[in-house]
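Student: Dropping a prediction and its sequence here:
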Amino acid sequence: GLGLSAKKDDNFGEWYSEVVVSGELIEYYDISGCYILRPWTMSIWEIMQAFFDAEIKKMKIKNCYFPLFVSPGVLQKEKDHIEGFAPEVAWVTKSGQSDLDVPIAIRPTSETVMYPYYSKWIRGHRDLPLKLNQWCNVVRWEFSNPTPFIRSREFLWQEGHTAFATKEEADKEVLEILELYRCIYEEYLAIPVIKGKKSEHEKFAGGLYTTSVEAFIPNTGRGIQGATSHCLGQNFAKMFEINFENEKGERTMVWQNSWAYSTRTVGVMVMVHGDNKGLVLPPKVAAIQVIVIPVPYKDADTKGIFDACDATVKTLTESGFRAEADFRDNYSPGWKYSHWEMKGVPLRIEIGPKDLSNNQVRAVRRDNSTKIDIPMASLVEQVKDMLANIHQSLFDVAKQKRDTCIQVAKTWDEFMEALSHKKMILAPWCDEEVCCLFLQCCMYFILKYKMKLNASKCTFLGYIVNYHGIEANSKQIMAIMELSSPQSAKEVQK
Ligand SMILES: O=C(C[C@H]1NCCC[C@H]1O)Cn1cnc2c(c1=O)CCCC2
Ligand SMILES: [Mg+2]
């Protein structure tokens, strides 16, 4: 088909909705907030899953699978955290023509599904640590504007649920998992993230403390939560009576963690790296890293060109790269260039009559369109370098864009100034209830006044940056503004 009609910097929302479809990641579905994940998405998801699954297996975390359905009794068990979310819970009330006598909830997350069984399975200290994870879908009947990958009514994720005898073990694992999430974003998706601890107000209500990796979307000037790793303390152990007899024979409650990342990762990758020609896939997660296009010339040696393409794919595949050739005879080379650019394939190799006679190929980078001629003899070496370069360059560009959006604010006026310019604000943060509440109110009126809209919710995430070094020299806090909807961010910009 033709190129994108919306430009990324002119109409970000439009551009995003279009590029996820044109790039063949998503097909829209007739139920609002639900999307079809096409193979181009699943291949990205599976590459990340393979990494994360291998890493948690090294940590002796085992996969399991709990039912999709939650009985109402247990769901209400966790009072303070569930009631804030209740409207989002989807229920099954009928089977066929007949009503169920008791409606059944569909899991929005699995604490209440799993923990009654943790209580049953954990008796003595020898049953600890109990460390389980599941790869599954969850359903949350969101009301604010649905966005593919970022906010949908059903999504895929992994959810880890672990139980330990001591707080020290739990605290340690929270950060080990957070590091894996940083790795997914920075080493696989080439997206810089900030590790942080959420404010009391923003943490998971059922937990003790929440850590997360926060990404930044330059086009909206907003932070976005990338993944979370919570220490639940003994809150759920108290509620679900998950206790054990320790070495001294005392009955004591377990210390728990829960952690997740989801298909939201794919949406963040599209938003950060995509451009007006389409998707730009970081090489580590590209199902096809190198696409080889034959450029036959009317009377040129077409067979020779095709054979050279085959040989190129074979050599690259044998060297561990994901390479394919596009031999379709019903599309022109030019059409194929645009098609594979739209799908974000990191590297294109063209082989025409000249390349053939010079025993070389023409390589074109998707991220910055630079072209180089590569002698067949050094094909593998140079493709390896180019793909590594593309990853690093995608990361550096994203980091530079984010860092230029970080503004230090030490006074209220500086804060306001930065806020109105779609900045990510680095400000001192005391996390005192009063101060936080005051800030919340001010933010609400600012947004309301500025936007003459009823700002549905503005989330002010205070962060204690646990970065090495920063914590040593000051309690500087990364405060990340996440407005609840893109249009409100645009309004603030005006
Ligand atoms: O899901 C979590 C916490 C935790 N769940 C397990 C994985 C890690 C982390 O996401 C928070 N949460 C978010 N959203 C909802 C709920 C909820 O508990 C409960 C019901 C409705 C929607
Ligand atoms: Mg939610």
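Tutor: Now that the structure is in, tell me what you want to look at. Ligands and ions are numbered 1, 2, ... in the order given.
Student: Show me what residue of the stretch 151-300 of the chain gets nearest to ligand 1.
Tutor: Closest contact between the stretch 151-300 of the chain and ligand 1, by Cβ to the nearest ligand atom, is at Ala260 (3.5 Å). C-beta here means a position set from N, CA and C on the backbone, and glycine is covered the same way.
Student: Show the contacting residues for that residue.
Tutor: Thr109, Trp157, Gln158, Glu159, Gly160, Ala227, Thr228 (Cβ atoms under 8 Å, 6 or more residues apart in numbering).
Student: Next: His273.
Tutor: His273 sits in contact with Ala190, Ile191, Leu279, Val280, Leu281, Pro282, Gly344, Asp367, Leu394, Ala398, where contact means Cβ under 8 Å, 6+ apart.
Student: among the contacts of Ala260, which are in reach of ligand 1?
Tutor: Thr109, Glu159, Thr228 (Cβ under 6 Å from any ligand atom).
Student: isn't there a helix covering the first one?
Tutor: Read it as Thr109. No. Counting by DSSP: H, G, I helix; E, B strand; the rest coil, Thr109 falls outside a helix, being coil.
Student: Find the nearest non-adjacent residue to it, please.
Tutor: In this structure, Thr109 finds its nearest non-sequential neighbour in Val138, 5.9 Å apart by Cβ to Cβ, 6 or more residues apart in numbering.
Student: Shouldn't that neighbour be within a helix?
Tutor: No. Per three-state DSSP, Val138 lies outside any helix segment and is strand.
Student: I'd say it and Glu111 touch.
Tutor: No. Counting by Cβ atoms under 8 Å, Val138 stays clear of Glu111, with 11.4 Å between them.
Student: Can you tell me how far the residue nearest to Thr109 is from Gly352?
Tutor: 50 Å (Cβ to Cβ, to the nearest Å).
Student: distance of the closest residue to Cys405 other than its chain neighbours from Pro192?
Tutor: Excluding the flanking residues, the one nearest Cys405 by Cβ to Cβ, 6+ apart is Met424, at 5.1 Å. In this structure, Met424 and Pro192 are 11 Å apart, going by Cβ to Cβ.
Student: residues from this protein in reach of ligand 1?
Tutor: 81-82, 85, 88-89, 108-109, 111, 140, 159, 204, 228, 230, 258-260.
Student: Just the pLDDT for the residue nearest to Cys405.
Tutor: Per-residue confidence at Met424 stands at 84 (pLDDT).
Student: what's the nearest residue to Val397 if we skip its chain neighbours?
Tutor: With Cβ to Cβ, 6+ apart, the residue lying closest to Val397 is Asp367, at 7.9 Å.
Student: who touches that neighbour in this structure?
Tutor: His273, Val280, Pro346, Ile390, Ser393, Leu394, Val397.
Student: I'd like to know which of those are buried.
Tutor: Taking 16 or more other Cβ atoms under 10 Å as the criterion, what is buried in those is His273, Val280, Pro346, Ile390, Leu394, Val397.
Student: roughly how far out does the helix or strand Trp15 falls within sit from the chain middle?
Tutor: For Trp15, the element it lies in under DSSP states H and E is helix 12-22. Chain-centre distance of helix 12-22: 17 Å, with Cα atoms, centre = their mean, to the nearest Å.
Student: before we move on, the earlier item: which of Val138 and Glu111 has more residues huddled nearby?
Tutor: More crowded of Val138 and Glu111, by other Cβ atoms under 10 Å: Glu111, with 27 against 19.
Student: quick one: the more buried one and His161 touch, right?
Tutor: Yes. Applying Cβ under 8 Å as the test, Glu111 and His161 come out as touching, 7.1 Å apart.
Student: got any residues that touch both of these two?
Tutor: With Cβ under 8 Å, 6+ apart, Glu111 and His161 have common neighbours Ser258.
Student: For the longest helix that the chain contains, name the packing helices and strands.
Tutor: Under DSSP state H, the helix in the chain containing the largest number of residues is helix 379-404. If you count contacts as 3 or more Cβ pairs under 8 Å, 6 or more residues apart in numbering; DSSP states H and E, helix 379-404 packs onto helix 264-273, helix 302-318, strand 347-351, strand 360-365, strand 371-375.
Student: okay, those in a markdown table with mean pLDDT and distance to Glu241 next?
Tutor: Below are those laid out as a markdown table (pLDDT from 0 to 100; distance: least, Cβ to Cβ, whole Å):
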| stretch | mean pLDDT | distance to Glu241 |
| --- | --- | --- |
| helix 264-273 | 98 | 33 |
| helix 302-318 | 97 | 55 |
| strand 347-351 | 98 | 56 |
| strand 360-365 | 98 | 58 |
| strand 371-375 | 98 | 65 |
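Student: can I get these in JSON lines with distance to Lys384?
Tutor: JSON lines is the format used below for the helices and strands packed on helix 379-404 (distance: least, Cβ to Cβ, whole Å):
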{"stretch": "helix 264-273", "distance to Lys384": "21"}
{"stretch": "helix 302-318", "distance to Lys384": "10"}
{"stretch": "strand 347-351", "distance to Lys384": "11"}
{"stretch": "strand 360-365", "distance to Lys384": "12"}
{"stretch": "strand 371-375", "distance to Lys384": "11"}
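Student: for the ones you listed, which one sits closest to Tyr16?
Tutor: Smallest distance to Tyr16 across the helices and strands packed on helix 379-404 (Cβ to Cβ): 6.4 Å, for helix 264-273.
Student: Okay, buried residues for that closest one please.
Tutor: Within helix 264-273, the residues that count as buried by 16+ other Cβ under 10 Å are Arg264, Thr265, Val266, Gly267, Val268, Met269, Val270, Met271, Val272, His273.
Student: which residue sits closest to the fifth one, ignoring its sequence neighbours?
Tutor: When you say that, I think you mean Val268. Per Cβ to Cβ, 6+ apart, closest to Val268 is Ala215, 5.2 Å.
Student: State the helix or strand in which that neighbour lies.
Tutor: Per DSSP H and E: strand 209-217 holds Ala215.
Student: what is the mean pLDDT for the helix or strand that that strand is followed by?
Tutor: Using DSSP H and E, the helix or strand that follows strand 209-217 in sequence is strand 222-233. Strand 222-233 shows a mean pLDDT of 96.
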